[in-house]
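> have a look; sequence and predicted model below, questions after that.
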Amino acid sequence: MDIETAKRHHEEELRRLPNVNGIATGKDEAGRDVIVVFVEQKLPKTNLQPQDIVPKVIEGYETDVREIGTVSAL
């Protein structure tokens, strides 16, 4: 499965997680393909319920959680 298909298959469930603002594909610091999950604020895992944690890997692709703050229309 390619990364775009993996992202589409899991986008709805990721968007249901608290604090998630968006999902995309991108590259990590090493140049590897990753599924990017944008959140309002990164929180320690100890502050989240297990079901609210973004998985480390989705369909074989690592995830990269990036804090972007509050999103609002201009």
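Arrived safely, thanks for sending.
> nearest to the spatial middle of this protein, which residue is it?
Nearest to the mean C-alpha position of the chain, by CA atoms, centre = their mean, lies V37 at 2.0 Å.
> so who does that residue touch?
V37 makes contact with L14, L17, V20, G22, I23, V54, T63, D64, V65, R66, according to CB atoms under 8 Å, 6 or more residues apart in numbering. For glycine as for every other residue, the C-beta is placed from the backbone atoms N, C-alpha and C.
> quick one: buried ones out of the residues you listed?
When these are checked for burial by 16 or more other CB atoms under 10 Å, the buried set is L14, V20, I23, V54, T63, D64, V65.
> leaving out sequence neighbours, find the closest residue to the fifth one.
Read that as T63. Once flanking residues are discounted, T63 sits nearest to I35: 4.9 Å by CB to CB, 6 or more residues apart in numbering.
> please save the CA atoms from the helix or strand containing E12 in PDB.
When elements are assigned from DSSP states H and E, E12 belongs to helix 3-15. In PDB, the C-alpha atoms belonging to helix 3-15 read as follows (Å, rounded to 0.1, in the frame of the first residue of the first chain):
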ATOM      1  CA  ILE A   3       1.600   6.200   1.700                       C
ATOM      2  CA  GLU A   4      -1.300   8.300   0.300                       C
ATOM      3  CA  THR A   5      -3.600   5.300   0.400                       C
ATOM      4  CA  ALA A   6      -2.600   4.500   4.000                       C
ATOM      5  CA  LYS A   7      -3.200   8.100   5.000                       C
ATOM      6  CA  ARG A   8      -6.700   8.100   3.400                       C
ATOM      7  CA  HIS A   9      -7.600   4.800   5.000                       C
ATOM      8  CA  HIS A  10      -6.800   6.200   8.500                       C
ATOM      9  CA  GLU A  11      -7.600   9.900   8.100                       C
ATOM     10  CA  GLU A  12     -11.100   9.700   9.600                       C
ATOM     11  CA  GLU A  13      -9.900   7.900  12.700                       C
ATOM     12  CA  LEU A  14      -7.000  10.200  13.200                       C
ATOM     13  CA  ARG A  15      -9.200  13.300  12.900                       C
END
